[in-house]
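>>> build me a model:
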Amino acid sequence: MKSWIPNGFTAANLVFGMGSLLATFHAEYQWAALLVFIAALSDALDGRVARYLNVSSDFGKELDSLCDLVSFGVAPAFLAYSFLLKDFHLIGIAVAIFFPVCGAFRLARFNVNTSVVKGYFMGMPIPAAGCAVASFILMGIRPENYLFPAFVALFGYLMVSTIRYPDFKGKEGEPLRVLPAIVALLTGGCLLYLLPNAYVFAPFAAYALFGLLNTLARKLT
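Presented below is the predicted three-dimensional model:
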């Protein structure tokens, strides 16, 4: 019976993801973005609760991936399309499809490599990528050029890339280098200074940049 507790959090993740899709359908973009973040909170709790209760299972892992694809792949892509990508016609459609497809590949690779990749994430985690897109929309900025499609496509690519992102679980893994961390923090600070509403977006942008720079530093050294 205890296994139903973490599975309940996982199911709540899907509930909030569906809520985001429905909010987008009704053009409630702020609510749609906020529901993606609430889904991320549920996603963060399910694994921790499962480990605390010692009821981790393959069923829970598969359920988690299915829910993540909806909440952090499909929901942010549909939100991005309805918010602005639709104005870019075929390019907007392609980017809206590209993002959840990358998320699906990211989740499949994660499930296969759980016994191989330890101490870091290979590719940006789909909850972080989905929240990055949602947090950008939460700012209410509508760029008139192709910056927004490129932004969404970039985070789709980061999910399927081999860039190493820290998992912050305290286990031995990818070293966190000082210079990339400083540059990422300064970038986040600049975003907060230039965009007063970037308090949610800035951490995800800094995390994305840190993974790129930290991986580059590893390859150079």
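
>>> A strand includes residue 73, no?
No. Counting by DSSP: H, G, I helix; E, B strand; the rest coil, residue 73 is not found in a strand; it is helix.

>>> does it touch residue 98 like I think?
No. Using Cβ atoms under 8 Å as the test, residue 73 is too far from residue 98 to be in contact (10.7 Å). For glycine as for every other residue, the C-beta is placed from the backbone atoms N, C-alpha and C.

>>> who's more crowded, these two?
residue 73 (25 against 17; other Cβ atoms under 10 Å).

>>> pLDDT score for that one?
Model confidence at residue 73, given as pLDDT, is 96.

>>> quick one, strands of this structure?
120-122, 164-166 (DSSP state E).

>>> CSV please, covering those strands and showing mean pLDDT.
Formatted as CSV, these follow (pLDDT from 0 to 100):
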stretch, mean pLDDT
strand 120-122, 85
strand 164-166, 88
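
>>> now distance to residue 19 and mean neighbour count too, for these, in CSV please.
Output for the strands of the chain, formatted as CSV (distance: least, Cβ to Cβ, whole Å; neighbours: other Cβ atoms under 10 Å):
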stretch, distance to residue 19, mean neighbour count
strand 120-122, 26, 20
strand 164-166, 27, 20
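
>>> nearest to residue 132, out of those strands?
strand 164-166 (12.0 Å; Cβ to Cβ).

>>> who are the packing partners of the closest one?
In terms of contacts (3 or more Cβ pairs under 8 Å, 6 or more residues apart in numbering; DSSP states H and E), strand 164-166 is packed against strand 120-122, helix 201-220.

>>> pick the most buried one from those.
strand 120-122 (a mean of 20; mean count of other Cβ atoms under 10 Å).

>>> give the partner strands of that strand in its sheet and their orientations.
strand 164-166 (antiparallel) (DSSP bridges).

>>> OK, contacts around the spatially closest residue to residue 214 that is not a sequence neighbour?
Spatial nearest neighbour of residue 214, chain neighbours left out: residue 180 (4.3 Å); criterion: Cβ to Cβ, 6 or more residues apart in numbering. Shown in contact with residue 180 (Cβ atoms under 8 Å, 6 or more residues apart in numbering): 209-210, 213-214, 216-217.

>>> also residue 197?
138-141.

>>> make it 6 Å
By Cβ atoms under 6 Å, 6 or more residues apart in numbering, the residues touching residue 197 are residue 139.

>>> from residue 191, how far off is it?
If you measure residue 197 against residue 191 using Cβ to Cβ, to the nearest Å, the figure is 10 Å.

>>> next, the buried residues of stretch 12-32.
12-21, 23-24, 29, 32 (16 or more other Cβ atoms under 10 Å).

>>> which of the helices and strands packed on strand 164-166 sits closest to residue 93?
Closest among the helices and strands packed on strand 164-166, using Cβ to Cβ: helix 201-220, at 24.0 Å.

>>> coming back round to it: can I get the buried residues of stretch 12-32 in JSON lines with distance to residue 155 and pLDDT?
Shown next, in JSON lines, are the buried residues of stretch 12-32 (distance: Cβ to Cβ, whole Å; pLDDT from 0 to 100):
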{"residue": "12", "distance to residue 155": "24", "pLDDT": "91"}
{"residue": "13", "distance to residue 155": "19", "pLDDT": "92"}
{"residue": "14", "distance to residue 155": "21", "pLDDT": "93"}
{"residue": "15", "distance to residue 155": "24", "pLDDT": "95"}
{"residue": "16", "distance to residue 155": "20", "pLDDT": "96"}
{"residue": "17", "distance to residue 155": "17", "pLDDT": "96"}
{"residue": "18", "distance to residue 155": "22", "pLDDT": "97"}
{"residue": "19", "distance to residue 155": "22", "pLDDT": "97"}
{"residue": "20", "distance to residue 155": "17", "pLDDT": "97"}
{"residue": "21", "distance to residue 155": "19", "pLDDT": "97"}
{"residue": "23", "distance to residue 155": "21", "pLDDT": "97"}
{"residue": "24", "distance to residue 155": "18", "pLDDT": "97"}
{"residue": "29", "distance to residue 155": "18", "pLDDT": "96"}
{"residue": "32", "distance to residue 155": "17", "pLDDT": "97"}
